[in-house]
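Visitor: Need the 3D shape of this:
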Amino acid sequence: MRQICSTGCPKTMTEPSTSFDSPWKELGQRFVDKLVKVYLKDGEETWILIHLEIQSQYESQFAERIYVYNYRIFDKYRRRVASFIVLGDENTNWRPSEFGYEIFGCQVNFSFPVVKLLDLGQDWEALVNNRNPFATVVMAHLKARGITDRKDWNGNCH
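Guide: Below you'll find the predicted structure:
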């Protein structure tokens, strides 16, 4: 798997006002959480769009919405799109990761990777010892939602 850039990305990646940030601004109906353009580390002359969606509550049509976002982004830019989902809800059984349908022999199958914050909270000590800032965000989220009574990052019990 190719690595995408982590530093030294084009300036446009951090400019939220650029046109690729939300292709539906003019429609006023649907908005992705974040859409960024990144370049590959190997210098390949191509670009992909990363769609990051953060969801903190159950939504019955969530997987379909992610599919719609993905194909609309592709339709607008004609570039490859990777949709990544972060679930911050409290339902251990809700894990949407695919959407599809079949009619008259025609099939649509769309799957996307999901990170469930509840799963990351299972190893609290690993979060405490992790230097990645996202670990602190996960701990803060779990504490704020009242999901955990484990020790916080200062070692204090709550």
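Visitor: Just confirm residue 141 contacts residue 117, I think it does.
Guide: Yes. Counting by C-beta atoms under 8 Å, residue 141 does reach residue 117; the two are 5.7 Å apart. C-beta coordinates here come from the backbone N, C-alpha and C atoms, glycine included.
Visitor: Sketch out the helices for this protein, chain order is fine.
Guide: 62-77, 117-120, 124-129, 133-144 (DSSP state H).
Visitor: For the worst-scoring helix or strand of the chain on mean pLDDT, list the C-alpha coordinates in CSV.
Guide: None of the helices or strands of the chain scores lower by mean pLDDT, DSSP states H and E than strand 34-39, at a mean of 72. The C-alpha trace of strand 34-39 is given here as CSV (Å, rounded to 0.1, in the frame of the first residue of the first chain):
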residue,chain,number,x,y,z
LYS,A,34,-13.9,16.9,5.8
LEU,A,35,-12.6,16.5,2.3
VAL,A,36,-8.9,16.9,1.6
LYS,A,37,-6.6,16.5,-1.4
VAL,A,38,-3.3,14.7,-0.7
TYR,A,39,-0.4,13.6,-2.8
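Visitor: Tell me how far that strand lies from the chain's centre.
Guide: 12 Å (C-alpha atoms, centre = their mean, to the nearest Å).
Visitor: Each with direction, which strands does that strand pair with?
Guide: Sheet pairing of strand 34-39 (DSSP bridges) gives strand 47-55 (antiparallel).
Visitor: mean confidence for the strand it pairs with?
Guide: Computed over strand 47-55, the mean pLDDT rounds to 86.
Visitor: quick revisit: now do the buried residues in the least confident helix or strand of the chain.
Guide: 35, 36, 37, 38, 39 (16 or more other C-beta atoms under 10 Å).
Visitor: Also stretch 50-68?
Guide: 50, 51, 53, 55, 62, 63, 65, 66, 67.
Visitor: Okay, now the unreliable bits of this protein?
Guide: 1-33, 35, 45-46, 148-158 (pLDDT under 70).
Visitor: So which residue of it lies furthest out from the middle?
Guide: Here the centre of the chain is the reference, and by C-alpha atoms, centre = their mean the most remote residue is residue 104, at 32.6 Å.
Visitor: quick one on the thing from earlier: would you mind saying which of the helices of the chain lies nearest residue 89?
Guide: helix 117-120 (7.9 Å; C-beta to C-beta).
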